[in-house]
Structures are given as C-alpha cells and as structure tokens.
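Trainee: no FASTA, just this:
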C-alpha cells in the first residue's frame with residue numbers, strides 16, 4: 001500500500017507502538033464507522049487509503065513524503081461522470097480509480113482538490129439530489145431510498161436531514177402545503 005499510495009519502496013517501520021495523534025484518531029474513527037457500513041464501499045476504501053497515508057506520512061520511522069500529484073481535470077471529470085451514471089451501485093474506489101486512470105490515493109486527492117469533496121461524499125450528494133427529485137415527483141420515501149442506492153429509508157433519512165436540514169417526510173409535506 002505504501003508503494004501504491006506514496007511511491008515508497010521497502011519496508012515501513014513504526015518506532016513507537018503507541019502514538020498520540022488526535023487527527024489520526026479521528027480518521028481511524030471515521031474508518032471504523034465506514035467499515036460497519038457494507039453498502040458504503042467507496043467510503044470504506046477512501047477512509048482506509050486516507051488513514052493509512054496519514055499514518056505513513058506522520059508516524060513511520062522514515063517519514064514518507066507524499067508525491068506531488070498535480071491536477072488531473074480529465075480524470076476527475078471521468079470519475080464524476082461515472083458516479084453520476086452509476087449512483088445506484090455500491091461503487092468501489094478501485095473501480096473508480098480504473099475509470100479515472102489514477103491510483104486510489106491520487107484519485108482521492110485530486111478529486112477533493114477539484115470538487116471540494118472526496119468521491120464518497122460526492123456520491124452521497126448525487127444520491128440525495130436524485131432522491132429529492134423522486135420525492136418531489138411523488139415517489140414514496142422507502143422506494144426513493146432504494147432507487148438511488150441507499151440501503152433503506154432510515155439511511156436516506158439520516159443523510160437527507162444532515163444535508164437539507166429536514167427529513168424526507170417533512171420535505172414531502174412542505175411540498176404538499178405549497179399553493180399551486
């Protein structure tokens with residue numbers, strides 16, 4: 001993984017068995033939460049790659065420096081188009097990196113720099129926009145959740161409320177209350 005992520009050859013050693021690093025701990029916490037969500041392949045793999053890169057660059061015996069990755073607008077455009085087209089699937093980071101023609105780490109970095117979000121967060125935004133459109137057209141919440149790739153209605157509700165500030169049920173009710 002060190003070779004793929006950072007171009008490092010050779011073994012990586014960690015001189016201290018315990019490190020005190022709040023940022024790394026927060027990243028590991030996000031990774032563990034993502035690992036508990038089988039439907040979130042892109043988030044799981046993204047957090048794994050980001051956490052491991054952070055560990056190597058901050059705590060390896062010989063600190064590994066991140067390679068300059070530069071901007072890759074065509075690769076990011078391919079990745080975005082793929083996520084827009086395949087939002088109902090559980091897209092993995094490896095699959096997306098092949099589409100973009102970049103390593104997993106490189107893709108995460110250039111995507112975040114270009115779009116402002118990592119690929120898994122962008123995928124959630126795509127799903128939420130599509131769900132909002134379906135709800136506005138009268139599709140029931142549970143069906144809309146499944147149609148856009150969420151596991152169930154409660155998964156959609158948590159994400160929807162986090163982004164839009166209201167539950168899908170409240171969104172639908174507010175649409176119904178509007179005068180024609």
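Mentor: Structure's in. What do you need? Bear in mind that the values here come from a model prediction, so they are computed numbers and not experimental data.
Trainee: could you point out the helix or strand that follows the helix or strand of the chain with the lowest mean pLDDT?
Mentor: Counting by mean pLDDT, DSSP states H and E, the chain has its least confident helix or strand at helix 2-6, which shows a mean of 67. Sequence order places helix 22-35 as the next helix or strand after helix 2-6, per DSSP states H and E.
Trainee: run the chain-centre distance for that next one.
Mentor: Between the centre of helix 22-35 and the centre of its chain there are 13 Å (C-alpha atoms, centre = their mean, to the nearest Å).
Trainee: packing partners for that helix?
Mentor: Packing partners of helix 22-35 (3 or more C-beta pairs under 8 Å, 6 or more residues apart in numbering; DSSP states H and E): helix 41-59. C-beta coordinates here come from the backbone N, C-alpha and C atoms, glycine included.
Trainee: next, the angle from the helix it packs on to helix 22-35.
Mentor: 160 degrees (axes from the mean of the first three to the mean of the last three C-alpha atoms, to 10 degrees).
Trainee: and helix 41-59, what's buried?
Mentor: Buried residues in helix 41-59, counted by 16 or more other C-beta atoms under 10 Å: 41-56.
Trainee: now swap in stretch 82-99 and tell me
Mentor: So stretch 82-99, judged by 16+ other C-beta under 10 Å, has buried residues 82-83, 86-87, 91, 93, 95-97, 99.
Trainee: which regions of this structure lie under the pLDDT threshold?
Mentor: 5-10, 38-39, 62-71, 180 (pLDDT under 70).
Trainee: which two of the buried residues of stretch 82-99 have the greatest separation?
Mentor: 87 and 97 (17.5 Å; C-beta to C-beta).
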